[in-house]
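# next input, structure requested:
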Amino acid sequence: MKKALFILLVFASCRSNDKKKEHLSPGLHKTHTVDLSYILDYRKILSDTVKMHKVDDISIFDDTLRLSQWLAKSLASPIISASDLAIKSTGKCLIRTFGKVTYFNFFIKGDKSSGINKNLCLLLNRDSREIVALPFENFKIITTAKNAQGEDPSGFINIRSQDFFSVYKYENGVFLKVFDSSLYCKYGIYTGEYNGECLEFTPNQLIFSNEDVNKDGFNDIVFHGSIYDRCDEAKMKHRGTVSRKSMTLQFLFNPGEKRWDLAGKDDACAILDR
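Sure, this is the predicted structure:
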């Protein structure tokens, strides 16, 4: 009797596992996942180098359900399933020295741990069958030289209720971070604010543009918006009279040093280092 009961339990367990597999899209179990778990870690997404991954079956990128299931498995987190992943935007662009890509900007829905990054952008090069996952909340592309053959991937990165802006370039098989607004001023130049005790932005995420501000033939990184100062100057912890100011942050490209210099640095840092 005990032996028969054991066989019955084993059979039931196998049937249960089979049912779980049926929820996966056909052929997905044959597609190898890649390790994208780093994109959830705030410490790791601040890395200056992001490596590429080979994908054996790029047809999954043509099916939203299969892509979400594959991505959930690649994130390898017990609290994230395919139903938690939402595509905010998708499109195509030409990444300088990397080639034509299709991008997918994902957001992780639900009340997840505040200790994980909930935004990522997948860039797929169909010709080389390579992908990279970058931690963008809002994907953008920029150019520096106006005659550049392609763009560089960039965007807003959300770090615990504040957005910073980063730019990467493709070089020697990896994506290198070449601009990071968190490295400017004492506490970093944040380009979005969602829970400010003292300062609030309108809109919450400043308006981005990539334009030649100083007319030197090179495009710059610019942010526009308004800032509300709700702090009492004498007592920083208390709410004071609301003062509203228009604000423009200009990062001017320096072609000789291949870097972006913050225009009016002292004034900008005095406002944001609060």
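# tell me the bridge partners for the closest residue to residue 202 other than its chain neighbours.
Leaving aside its chain neighbours, residue 202 sits nearest to residue 226 (4.4 Å; criterion: CB to CB, 6 or more residues apart in numbering). Where you see a C-beta, it was placed from the backbone N, CA and C, and this is true even at glycine. Beta-bridge partners for residue 226, by DSSP bridges, are residue 202, residue 246.
# next: residue 251.
Counting by DSSP bridges, residue 251 forms beta bridges with residue 221, residue 262.
# please tell me the pLDDT value assigned to it.
We have a pLDDT of 97 for residue 251.
# you'd agree it is up against residue 221?
Yes: using CB atoms under 8 Å as the test, residue 251 is close enough to residue 221 to be in contact (4.1 Å).
# comparing the two, which shows the higher neighbour count?
Neighbours were tallied for residue 251 and for residue 221 using other CB atoms under 10 Å; the higher tally belongs to residue 221 (25 against 21).
# residue contacts, the residue nearest the centre of the chain?
Nearest residue to the geometric centre of the chain (CA atoms, centre = their mean): residue 136, 1.3 Å. Residues counted as contacts of residue 136 (CB atoms under 8 Å, 6 or more residues apart in numbering) are 105, 119-121, 153-157.
# could you point out the helix or strand that follows the worst-scoring helix or strand of the chain on mean pLDDT?
Least confident element among the helices and strands of the chain, by mean pLDDT, DSSP states H and E: helix 2-22 (a mean of 40). Once the chain leaves helix 2-22, the next helix or strand it forms, by DSSP states H and E, is helix 42-45.
# pull out the buried positions in that next one.
Residues of helix 42-45 classed as buried: residue 45 (neighbour count, 16 or more other CB atoms under 10 Å).
# tell me the helices and strands packed up against the very next helix or strand once past that helix.
Per DSSP H and E, helix 42-45 leads on to strand 49-51 as the next helix or strand towards the C-terminus. Contacts defined by 3 or more CB pairs under 8 Å, 6 or more residues apart in numbering; DSSP states H and E place strand 49-51 against strand 130-134, strand 174-180.
# what do you get if the cut-off is 6 Å, keeping everything else the same?
Counting contacts by 3 or more CB pairs under 6 Å, 6 or more residues apart in numbering; DSSP states H and E, strand 49-51 is packed against strand 174-180.
# the strand it packs on vs strand 130-134, what angle?
30 degrees (axes from the mean of the first three to the mean of the last three CA atoms, to 10 degrees).
# pLDDT on the next helix or strand after strand 174-180, on average?
Toward the C-terminus, strand 174-180 is succeeded by strand 192-193 as the next helix or strand (DSSP H and E). Averaged across strand 192-193, the pLDDT comes to 84.
# run through the stretch 1-150 of the chain and note the low-pLDDT ranges.
Scanning the stretch 1-150 of the chain for pLDDT under 70 picks out the ranges 1-31, 112-114.
# do you know how far residue 137 is from residue 159?
10 Å (CB to CB, to the nearest Å).
# so for those two, which sits in the more crowded spot?
Shown here are residue 137 and residue 159; by other CB under 10 Å, residue 137 has more neighbours (21 against 17).
# ok, now which ones touch the more buried one?
Going by CB atoms under 6 Å, 6 or more residues apart in numbering, residue 137 touches 119, 156, 158.
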